[in-house]
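In: No sequence on hand, only this structure:
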């Protein structure tokens, strides 16, 4: 057979030819058989492996595939079958272990549940017999409860069925479980032999764990099958009869104890009534005489008329504070023997302050108190505190702001669903205080008129208490008694951010439903009345007002990190360092620069505060505003007059030159100008303390 050669550095035609078969001697003188000029081909001997390379690769692939198929047909199928058998065995062992855990403990005879039933009955008998009938319950109400319980117990006792005893039942269960365990271990041994032949070591480890589980189950069977005691089967019927008898005996004992207790109480009551009858009559005579003497001895130097809610919340605290400031003690309360609406607070054996309830329960009467005021006399009025009507909702209610018009519709019953206010589709449960209750005194006449139109409102004793249990409620209450409650912000329109009922917004009366608490005194009042009113308006008295939950009248600066634009316009951005708004606005009548009642009382307090706090780097700015009635020029001039009028009243000798005025006219309203109440809020002078460079 001639050898095979392959050319190198050959021409294209030689390269296409590829393999040449020639004699070994002729290979040395070989030239291009195609006669190509420049063909420099040389021959290279081709080995047998290189010549048959593609055939060798194909043959190898065929052999690999063939051996793989043989493996899967023989040994692979056996391995899969073994794995499936092990999985099935694991499930059987798990089920068997579950049955073993449910096996009952052998009590020494028959079905162990029979002994459990007997033990329960015996314990109840011991309990009943250990409790004598005269000691079960001494109180009549509890004896009756015990009798009812024993009736129920008797029904259960008589309905008990003595279980049939099956002596072999339990032993059969244990034997059956042991046989199943033995069968499972045989299966483990069989599969373990197959795994060794196939050299499946992971499977052998799994089977070892399964075998250990079976051994543990067999050990549990042996433990449960051992008897823990013995009890004669014949005792079961006797124990039931003993049980029923013990219940009956206890029932009779309790019934006897009830009768005895009733008789004892009846005789005791008769004796008590006989003894007390004469004593009570004598005590009544002495008590009436003593109370009348104490009442007559405590002659009032001041008489106060107010609502009962105002007395309990504020007036009593002011009286105690006044007495403590005068004499070092808080005084004591003396009640009239028959007139419960009159009370006297005594500070000495022959002096007191008398408090009586106002005749009417209108909203105005409930936010004032009268000192020695007589019909037809001229009176002097002071604003002693501020409060507010607030709309309260549960903490879980998503609604946090309401317009004044929507609130009025809710009060009148024209809006009855939370969806109209931006909440969920659920009814509004409107809660208002009952007549005369604390919190109702801040409801102004206009709101009362709206509430009178609403037949769907709920009048409750305590609005705050009801809010805690009613997620759909909207309550009308007072600021002073709604601490830690969610209060709605009230705005003048949908676009207005509004004012939340806070101490600062109520003190400045920017909050729409702010309410003044008035103190009325006669102009011909005594020195005692004068001293008491001075105390109420003093810092000590106003501290008591604040402690009672009301807003006191003491001036206080509220920092404004971002002052309003009109402050920046008035001072200049380059000069302004910090701005504080005093929590008191001066308000005016329509088209007037005359101060109203509250503003006249605020003048001296603001004057004293400015004297203490102003210096070269701190000045006071009084900013005047009007409502939108009239022309812009007229209102600008009117706001200037108002600021100037306040300036003349509050400037003392020591702060001259440190108080400036600025007018805004009808600009920068804080309330709507569509209602009289809103216009009154806009007619104001604001007091600002300015730090400058």
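Out: Everything's here; your move. Being a predicted model, the structure only gives us computed values, none of them experimental.
In: Which single strand of this structure contains the most residues?
Out: Longest strand in the chain by number of residues, with DSSP state E as the criterion: strand 379-393.
In: by contact count, what packs against the following helix or strand past it?
Out: As assigned by DSSP states H and E, the chain's next helix or strand after strand 379-393 is strand 401-403. When contacts are defined as 3 or more CB pairs under 8 Å, 6 or more residues apart in numbering; DSSP states H and E, strand 401-403 packs onto strand 489-491. Placement of C-beta: from N, CA and C, glycine included.
In: After the strand it packs on, which helix or strand is next?
Out: helix 503-507.
In: residues in contact with that following helix?
Out: The contact list for helix 503-507, computed with CB atoms under 8 Å, 6 or more residues apart in numbering, reads 386-388, 479, 499, 511, 514, 551, 556, 558, 581, 583-584.
In: Closest one to residue 257 out of these, please.
Out: Relative to residue 257, the closest of these is residue 479; by CB to CB it sits at 57.7 Å.
In: need the contact list for the spatially closest residue to that closest one that is not a sequence neighbour.
Out: The shortest distance from residue 479 to any residue other than its chain neighbours is 4.2 Å, reached at residue 388 (CB to CB, 6 or more residues apart in numbering). Applying CB under 8 Å, 6+ apart, we find residue 388 in contact with 442, 478, 479, 501, 506, 511, 513, 514, 515, 551.
In: returning to what we had before: show the buried residues in the contacts of helix 503-507.
Out: In the contacts of helix 503-507, burial by neighbour count holds for 386, 387, 388, 479, 499, 511, 514, 551, 558, 581, 583, 584, counting by 16 or more other CB atoms under 10 Å.
In: which one of those sits closest to residue 158?
Out: So of these, ranked by how close each gets to residue 158 (CB to CB), first place is residue 479, at 66.0 Å.
In: Quick check: phi and psi at residue 528.
Out: Main-chain dihedrals, residue 528, degrees, to the nearest 10: phi -60, psi -40.
In: cool, residue 553 as well?
Out: The phi/psi pair for residue 553 (degrees, to the nearest 10) is phi -100, psi 0.
In: what's the distance between it and residue 319?
Out: Distance, residue 553 to residue 319, using CB to CB, to the nearest Å: 19 Å.
In: likewise residue 616?
Out: Taking CB to CB, one finds residue 616 at 45 Å from residue 319.
In: who's more crowded, these two?
Out: residue 319 (24 against 8; other CB atoms under 10 Å).
In: what about the more buried one, distance to residue 304?
Out: Where residue 304 is concerned, residue 319 sits at a distance of 8 Å (CB to CB).
In: which neighbours do these two share?
Out: Shared contacts of residue 319 and residue 304, counting by CB under 8 Å, 6+ apart, come down to 353, 355.
In: so which of the contacts of residue 388 would you say is closest to residue 428?
Out: Nearest member of the contacts of residue 388 to residue 428, counting by CB to CB, is residue 513, at 18.3 Å.
In: so who does the closest one touch?
Out: Residue 513 touches 388, 389, 390, 442, 444, 447, 490, 501, counting by CB under 8 Å, 6+ apart.
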